[in-house]
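Engineer: Sequence and predicted structure are below.
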Amino acid sequence: MLRAARVSESMGKRIPDFFRSDFGVLALVATGRLLFHVATNGSYGFHRDELQTLDDARHLDWGFVAYPPITPLIGRLELILFGTSLTGFRVFSAIAVSMVMVLAGLMAKELGGRRHVQLLAAVAAGISPVSLIQGAVFQYVSFDYLWGVTATYLMVRLLKSEDPRWWVPIGGVLGLGMETRYTIGFLALGIAGAVLLTPARHFLRSGWLWAGVGLSVLVFLPNLIWQIRHHFIALEFLSYLHARDLRQGRYNGFLREQLLACVNFVTAPLTFLGLWFYFVGREGRRYRLLGWTFAVTFVLFAVAGSRSYYTAPLYPMLIAGGSALLGSLLEGLHPGWLRLAYGLQWAAILAGGVVFVPLVTPVAPIGSRLWNITSKMHDQFREEIGWPDLADSVARVYGSLSPAERDQAGILAGNYGEAGALNLYGPARGLPHAMSLTNSFWYRGYDPRAPQTVILAGFDLDEGRELFGGCVVAAKNTNPFGVENEESRDHPDILLCRNLSMPWQAYWERFRRFG
């Protein structure tokens with residue numbers, strides 16, 4: 001009894017001590033961020049990208065057309081833990097971006113920042129619009145963001161300690177990144193370029209660096225083998241996306257959006273201070289490798305023609321360096337001026353949070369003035385509306401068929417959002433499994449019954465009539481809120497078609513899609 005009491009007393013002391021430590025304070029702030037996402041992430045519905053990942057999570061493999069296997073694997077874990085709960089499905093994304101806040105604070109600590117500087121770095125990283133958005137949706141971007149920031153944190157530890165053994169976990173994290181999203185390869189190339197451009201070249205003689213390289217290749221190897229077996233389908237997919245994005249002008253705002261999306265405009269001064277810290281400042285001389293990693297990776301993304309948010313994992317290390325430099329610059333000020341300087345910085349961060357949080361997180365009631373503002377700025381939330389209504393519309397058409405025809409009828413969806421939604425909501429409505437020619441749905445094949453009566457979602461009438469002997473508009477795809485999105489605007493018709501004009505196998509081989 002006495003021993004148990006002593007253990008309990010010891011634990012009681014350790015818990016408050018933990019939350020008084022630097023790490024404990026950062027963890028507490030990150031937990032507050034996580035709880036905010038948990039409280040708000042169930043507001044609308046699944047995003048079309050989530051619906052694809054949700055379906056892929058039920059068909060685990062070492063690779064998928066649109067991404068490597070880690071994100072569907074995490075999705076499968078969330079299905080096991082939370083079922084198809086919308087809030088539950090987004091928990092690990094919220095955890096990932098919240099962990100980035102901790103890592104940003106820890107980087108500031110390693111660079112010499114005291115606790116108030118660590119908090120500044122953590123919160124400044126946490127109000128990045130990309131970070132806020134990715135805490136509110138389940139996408140591979142959230143985990144790519146975490147792996148990229150983790151790699152830079154480990155590099156800070158490497159450079160501070162000069163212990164080459166840190167290259168091994170760096171390589172492991174980069175390997176996990178490649179199993180999550182191929183764009184982290186740009187960061188790997190950026191690190192390699194930075195090593196060659198700085199005195200860190202001496203690490204090339206270390207076996208630990210090459211062990212890290214070997215570990216990254218080993219972690220990535222299963223997906224690489226999958227790509228070889230599938231004729232490097234990801235290259236074909238990425239080539240299609242690049243051409244589409246170029247045609248639609250999605251790269252035009254690359255430079256402008258660095259400060260509006262990857263960084264909050266009120267924290268932009270910290271990123272510029274970070275560049276000064278790594279490239280010019282005496283305090284950052286030891287960490288030049290990080291400055292060059294940012295520069296080389298940024299140039300690679302810019303030259304390749306990338307979307308602006310691809311560079312997001314690079315900025316927490318700049319914010320950490322900038323926060324540490326700011327703390328150093330202000331250290332000698334009179335206490336009154338010091339409080340004023342930090343007060344102004346925190347007031348700016350608070351203002352940036354107040355502006356961006358309502359715009360990029362799901363807090364606006366549908367149809368409200370704030371909703372209308374966010375809908376004009378981006379389509380993130382609009383693409384989360386109407387998926388159960390699509391399933392209802394298809395179910396009404398399916399139910400209108402005679403029992404004999406219904407038993408042999410199939411469903412064909414035009415894109416991965418429609419297919420994912422119908423496979424999520426369809427079983428409860430008695431619908432058969434939906435087919436689609438898009439991305440990894442294509443690999444799952446067509447309905448083995450080779451149905452001649454098919455309900456089409458995501459096709460226009462002219463396209464349906466070219467493919468089938470007969471096709472009519474049987475229902476409309478709408479939502480009760482009157483929200484205009486890709487489905488209600490571009491794919492409003494639910495078609496009922498009969499007699500495919502070619503064998504299903506020929507159709508499947510000829511009309512594969514990417515999206």
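Structural biologist: That came in fine, so what should we check first? Numbers count the residues shown, from 1 in each chain.
Engineer: Only the buried residues of the helix or strand where His116 lies, if you could.
Structural biologist: Secondary structure from DSSP states H and E places His116 in helix 115-126. Judged by neighbour count using 16 or more other CB atoms under 10 Å, the buried positions of helix 115-126 are 117-126. For the C-beta atoms, the positions are set from N, CA and C on the backbone; glycine is no exception.
Engineer: could you point out which element follows the lengthiest helix in the chain?
Structural biologist: Longest helix in the chain by number of residues, with DSSP state H as the criterion: helix 335-360. Tracing the chain past helix 335-360, the next element assigned as helix or strand by DSSP H and E is helix 369-377.
Engineer: so how far is that following helix off the chain centroid?
Structural biologist: Relative to its chain's centre, helix 369-377 lies at 22 Å (CA atoms, centre = their mean, to the nearest Å).
Engineer: all strands for this protein, in order.
Structural biologist: 410-413, 434-436, 453-457, 468-476, 493-500 (DSSP state E).
Engineer: any idea how far Phe203 is from Leu111?
Structural biologist: 20 Å (CB to CB, to the nearest Å).
Engineer: Which one's more surrounded, these two?
Structural biologist: Leu111 (30 against 20; other CB atoms under 10 Å).
Engineer: got a list of what that one touches?
Structural biologist: Residues in contact with Leu111 (CB atoms under 8 Å, 6 or more residues apart in numbering) are 156, 277, 283-284, 287, 320-321, 324.
Engineer: where exactly do the helices run in the stretch 201-350 of the chain?
Structural biologist: 207-229, 233-247, 256-257, 268-279, 288-304, 315-330, 335-360 (DSSP state H, counting those that start in this stretch).
Engineer: before we move on, back to that, the longest helix of the chain packs against which elements?
Structural biologist: helix 115-126, helix 129-134, helix 315-330, helix 369-377 (3 or more CB pairs under 8 Å, 6 or more residues apart in numbering; DSSP states H and E).
Engineer: so can I have a markdown table of those showing distance to Val360 and mean pLDDT?
Structural biologist: Output for the helices and strands packed on helix 335-360, formatted as a markdown table (distance: least, CB to CB, whole Å; pLDDT from 0 to 100):
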| stretch | distance to Val360 | mean pLDDT |
| --- | --- | --- |
| helix 115-126 | 12 | 96 |
| helix 129-134 | 5 | 96 |
| helix 315-330 | 16 | 95 |
| helix 369-377 | 8 | 93 |
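Engineer: so which of those comes closest to Tyr44?
Structural biologist: helix 369-377 (9.9 Å; CB to CB).
Engineer: so what's Ser206 up against?
Structural biologist: 164, 167.
Engineer: Roughly how far does Val102 sit from Leu119?
Structural biologist: 11 Å.
Engineer: Mutual contacts of these two, please.
Structural biologist: Joint contacts of Val102 and Leu119 (CB under 8 Å, 6+ apart) are Leu26.
Engineer: I figured Leu275 was touching Phe294, is that so?
Structural biologist: Yes. Counting by CB atoms under 8 Å, Leu275 touches Phe294, with 7.5 Å between them.
Engineer: These two: which has the busier surroundings?
Structural biologist: The neighbour comparison of Leu275 against Phe294 (other CB under 10 Å) goes to Phe294, with 25 against 18.
Engineer: what's that one in contact with, if anything?
Structural biologist: Taking CB under 8 Å, 6+ apart, we find Phe294 in contact with 190, 275, 278, 314, 317-318.
Engineer: for Pro365, same thing?
Structural biologist: Trp371.
Engineer: any idea how far it is from Gly482?
Structural biologist: Pro365 is 14 Å from Gly482, by CB to CB.
Engineer: same deal with Phe220?
Structural biologist: 46 Å.
Engineer: still on that earlier bit, what about the contacts of Leu111, which one has the most neighbours?
Structural biologist: Using other CB under 10 Å as the neighbour test, those are led by Ala320, with 35 neighbours.
Engineer: Wait, it touches Met107, no?
Structural biologist: Yes. Contact status for Ala320 versus Met107: in contact at 3.6 Å, counting by CB under 8 Å.
Engineer: Mutual contacts of these two, please.
Structural biologist: Common neighbours of Ala320 and Met107 (CB under 8 Å, 6+ apart) are 121, 156.
Engineer: Now do the closest residue to Phe82 other than its chain neighbours: how many residues are near it, please.
Structural biologist: Among residues not flanking Phe82 along the chain, Gly88 sits closest, at 2.4 Å (CB to CB, 6 or more residues apart in numbering). Other residues near Gly88 come to 17 when the count uses other CB under 10 Å.
Engineer: Enumerate every residue touching Gly88.
Structural biologist: 78, 81-82.
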